[in-house]
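*Asks:* Based on what follows, work out the 3D shape:
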Amino acid sequence: MARYTGPKTKIARKFGEAIFGEDKSFEKRNYPPGQHGNNRRRGKKSEYAIQLMEKQKAKYTYGILERQFRNLFEKSNSSKGITGEVLLQLCESRLDNVVYRMGIAPTRSGARQLVSHRHITVNGEKVNIPSYSLKAGDVVGVREKSKSLDVIERSLANASHVYEWITWNGEQMEGTYVAIPERLQIPENIKEQLIVELYSK
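*Replies:* Numbers count the residues shown, from 1 in each chain. Below you'll find the model as predicted:
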């Protein structure tokens, strides 16, 4: 599966925020990338350019490819709720994202790797599909043989975020995806309405 593996700081600088988490390089140079950096004259962006930028930001934030992202949009568009809100809720309910939110991995790409390498279980069963969609009440855990992995222990030791829709049991090394988060509970700085407008053209 094709994934973006290029320099992450460059992408973060393009959007003007550290979308991949803490980044010392971004803090030093938090202006757009390119030869002329801040000095390049940038004209007023068109409405389309702003909408496209927001969609790209969401895709890079959650590590989702174009076709997958469009499929998520179609799914959210045909649901009963507010399309943009449902789109973000679908992104949040992906297994790789929940593994990251629980602190099992320090980044979403790290979480994707743990899932792909069969280190993660859902309701006691091994699942190796990062895009697996969790339902409220699903229990996500670290496979017994993987509990002593350095990368997981380090990540859990440094995890400080607490989310209302997730519970975590440190002793069992498992957590519950309690409920689908409300829009206000999702911390990502994404203007989902712009993405809806873009796809609705």
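*Asks:* Would you mind confirming that A111 makes contact with V140?
*Replies:* No - between A111 and V140 there is no contact under CB atoms under 8 Å: 10.4 Å. Where you see a C-beta, it was placed from the backbone N, CA and C, and this is true even at glycine.
*Asks:* shared neighbours of the two, which are they?
*Replies:* Common neighbours of A111 and V140 (criterion: CB atoms under 8 Å, 6 or more residues apart in numbering): V99.
*Asks:* center of this structure - which residue?
*Replies:* Closest to where the C-alpha atoms of the chain average out (CA atoms, centre = their mean) is Y62, at 2.9 Å.
*Asks:* That one reaches S93, doesn't it?
*Replies:* No - with contact defined as CB under 8 Å, Y62 does not reach S93; the gap is 10.9 Å.
*Asks:* Residues touching stretch 138-157, excluding its own?
*Replies:* 95, 98-99, 102-106, 110, 114, 118-124, 126, 134, 170, 172-177.
*Asks:* So which bits of that stretch are buried?
*Replies:* Going by neighbour count (16 or more other CB atoms under 10 Å), the buried part of stretch 138-157 is D138, V139, V140, G141, V142, R143, S146, L149, I152, S155, L156.
*Asks:* Can you name the residues that contact I195?
*Replies:* By CB under 8 Å, 6+ apart, I195 lies in contact with Q51, E54, K55, A58, F73, G84, L87.
*Asks:* in terms of contact, does the fourth one touch Q68 like I think?
*Replies:* No - with the criterion set as CB under 8 Å, A58 and Q68 do not qualify as a contacting pair; they are 11.7 Å apart.
*Asks:* Specify which residue of the two has the higher count of neighbours.
*Replies:* The residue with more neighbours, out of A58 and Q68, is A58; 23 against 16, by other CB atoms under 10 Å.
*Asks:* Surely that one is within a strand?
*Replies:* No - A58 is assigned helix when assessed by DSSP: H, G, I helix; E, B strand; the rest coil, not a strand.
*Asks:* Just give me the neighbour total for L194.
*Replies:* 19.
*Asks:* what does the average pLDDT come to for the helix or strand harbouring it?
*Replies:* If you go by DSSP states H and E, L194 is part of helix 192-199. Mean pLDDT, computed over helix 192-199, is 95.
*Asks:* Distance check, V196 against G81.
*Replies:* From V196 across to G81, the span is 12 Å (CB to CB, to the nearest Å).
*Asks:* Between these two, tell me which one has more neighbours.
*Replies:* V196 (21 against 12).
*Asks:* Nearest residue to the residue nearest to the centre of the chain in space, please, no chain neighbours.
*Replies:* Among residues not flanking Y62 along the chain, C91 sits closest, at 4.6 Å (CB to CB, 6 or more residues apart in numbering).
*Asks:* In contact with the one you found, which residues?
*Replies:* Here C91 is in contact with A58, Y62, I64, L72, N97 (CB under 8 Å, 6+ apart).
*Asks:* ok, now which ones touch the fourth one?
*Replies:* Applying CB under 8 Å, 6+ apart to L72 gives the contacts I64, L87, L90, C91.
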